[in-house]
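Visitor: following is a predicted model, sequence given first.
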Amino acid sequence: MSIASRAASAHEQLRRHSTHPLIPDSKAADIAKAAARLAALLGIDPVYVQPNRSWNSLELPLAPLTLHASDPDDEQQVYTFSYRDPLYDDEPFFLLGPCPVCDAMVPLAEVGSLADLGTFLSQGPAPLLDNGMLPGSYPDEFDRDPAHSSNCPFREGES
């Protein structure tokens with residue numbers, strides 16, 4: 001897909017999703033921009049990036065925003081990302097995956113570029129250390145994420 005085609009698709013996605021019956025237009029536009037940013041980062045057409053809920057059933061609060069990116073070559077392959085607050089356009093995305101201890105969907109990698117995602121996909125999550133400390137490759141948000149199960153040692157920074 002050409003740069004011009006992707007730009008036109010991004011514009012159309014923003015136009016189509018920048019107004020919403022259930023949330024303020026400015027918030028809807030922020031969500032659409034975050035989805036377009038993720039699509040640009042991944043080098044895919046924005047139609048392959050969708051919020052956690054369908055565009056028609058979004059409601060507040062939306063932070064952190066969860067976005068699903070389908071691989072254009074294999075739409076069964078879906079990557080899930082969180083984005084702290086769609087109001088800000090300079091924060092990284094976080095690739096979500098199962099916690100190695102409790103299996104909850106938590107941030108496993110900070111993704112600020114396609115190369116960051118490639119590094120994670122080629123190396124996978126680092127094995128957890130026996131001393132209970134997280135390897136440096138895990139983002140700070142990993143052990144701050146409230147999705148960890150109540151008995152997980154990484155819930156709410158309890159590690």
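Guide: Nice, I can see it. Numbering: from 1, shown residues only.
Visitor: what about L95, which SS state?
Guide: strand (DSSP: H, G, I helix; E, B strand; the rest coil).
Visitor: who is it paired with across the strands?
Guide: F81, A109 (DSSP bridges).
Visitor: list the residues that contact it.
Guide: Applying Cβ atoms under 8 Å, 6 or more residues apart in numbering, we find L95 in contact with Y79, T80, F81, P107, L108, A109, V111, L117, F120. All C-beta atoms are positioned from the backbone trio N, CA, C, and that covers glycine.
Visitor: cool, L117 as well?
Guide: By Cβ under 8 Å, 6+ apart, the contact set of L117 is L42, Y79, L95, A109, V111.
Visitor: closest one of these to P125?
Guide: Among the contacts of L117, A109 lies closest to P125 (Cβ to Cβ), at 7.6 Å.
Visitor: circling back to that earlier point, for the contacts of L95, which one is nearest I31?
Guide: Closest to I31, out of all of the contacts of L95 and judged by Cβ to Cβ, is F81, at 12.9 Å.
Visitor: that older thread, only whichever of the contacts of L95 are buried, select them in PyMOL.
Guide: For the buried members of the contacts of L95, the matching PyMOL selection, counting by 16 or more other Cβ atoms under 10 Å, is:
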select buried, resi 79+81+107+108+109+111+117+120
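Visitor: in TSV: the contacts of L117, plus pLDDT and distance to S150.
Guide: Output for these, formatted as TSV (pLDDT from 0 to 100; distance: Cβ to Cβ, whole Å):
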residue	pLDDT	distance to S150
L42	93	34
Y79	96	27
L95	97	24
A109	95	24
V111	94	28
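Visitor: where exactly do the strands run in the chain?
Guide: Assigned by DSSP state E, the chain shows strands spanning 49-51, 65-71, 74-83, 93-98, 105-111.
Visitor: which of those sits most buried?
Guide: Neighbour counts (mean count of other Cβ atoms under 10 Å) averaged over each of the strands of the chain peak at strand 105-111, with a mean of 22.
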